[in-house]
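take this sequence and fold it.
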Amino acid sequence: MPEHTLIVLRHAKSDWSGGGADRQRPLAKRGRRQAPDAGRWLAANAGRIDLAVVSPAERARATWELASAELAVPPPTRIDDRVYAASAAGLLEVVRELPDELGTVVLVGHNPGLEDLVSLLTEQYVRMVTSGLAVLTLSGPWAGAAHASAELRASGRPPGELGDVP
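The predicted model follows:
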């Protein structure tokens, strides 16, 4: 059975001081410092990443831009409107549609959907703080992703302890 890795990345800390639309909210100074830490952790631990699926929100796109700049070979990026403000069920649909030739995919989005997705797939609650990562292993095709179908391999916010990814 093929094994796939789903890396869930919550956007970095955003700036709430402006009065603009939620989708346009930028990263705060702290967020601009956090996002590269996530990228450095990915570079050191994740191996090859085949695709990043990113919310169209400015804070999510900026997070991935800063994080992926730390990778030796940044993967192709797909901006997917369905990831913005998505529920666990909506995010699961995005995951199930991934082509099976993709071994490792990063999903960059928002809470509470990301926390709920990780919980749905692993039956474990994982707090997804800003710039937090959760690394999941799924056995079988992406289309088979369902309740309790994944193993949680690491979670947390870099540069702190996330645990080793074998």
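
would you map the helices across the protein?
Taking DSSP state H to define them, one finds helices in the chain at 29-45, 58-68, 88-96, 113-122.

need those helices in TSV (columns: mean neighbour count).
In short, each C-beta sits where N, CA and C put it, glycine included. Formatted as TSV, the helices of the chain follow (neighbours: other Cβ atoms under 10 Å):
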stretch	mean neighbour count
helix 29-45	19
helix 58-68	23
helix 88-96	18
helix 113-122	23
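
among those helices, which comes closest to residue 23?
Set against residue 23 and scored by Cβ to Cβ, the helices of the chain come closest in helix 58-68, at 6.6 Å.

which strands and helices sit next to that closest one?
If you count contacts as 3 or more Cβ pairs under 8 Å, 6 or more residues apart in numbering; DSSP states H and E, helix 58-68 packs onto strand 3-10, helix 29-45, strand 51-54, strand 77-79, strand 104-109.

now distance to residue 63 and mean pLDDT too, for the ones you listed, in JSON lines please.
Shown next, in JSON lines, are these (distance: least, Cβ to Cβ, whole Å; pLDDT from 0 to 100):
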{"stretch": "strand 3-10", "distance to residue 63": "7", "mean pLDDT": "97"}
{"stretch": "helix 29-45", "distance to residue 63": "5", "mean pLDDT": "96"}
{"stretch": "strand 51-54", "distance to residue 63": "8", "mean pLDDT": "98"}
{"stretch": "strand 77-79", "distance to residue 63": "12", "mean pLDDT": "98"}
{"stretch": "strand 104-109", "distance to residue 63": "6", "mean pLDDT": "98"}
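
these: which one's closest to residue 97?
For residue 97, the closest of the helices and strands packed on helix 58-68 is strand 51-54, at 9.7 Å, according to Cβ to Cβ.

ok, the closest one: who's next to it in the sheet?
Sheet pairing for strand 51-54, assigned by DSSP bridges, gives strand 77-79 (parallel), strand 104-109 (parallel).

so residue 63 sits against residue 31, correct?
Yes: Residue 63 lies in contact with residue 31 (Cβ atoms under 8 Å); the separation is 7.0 Å.
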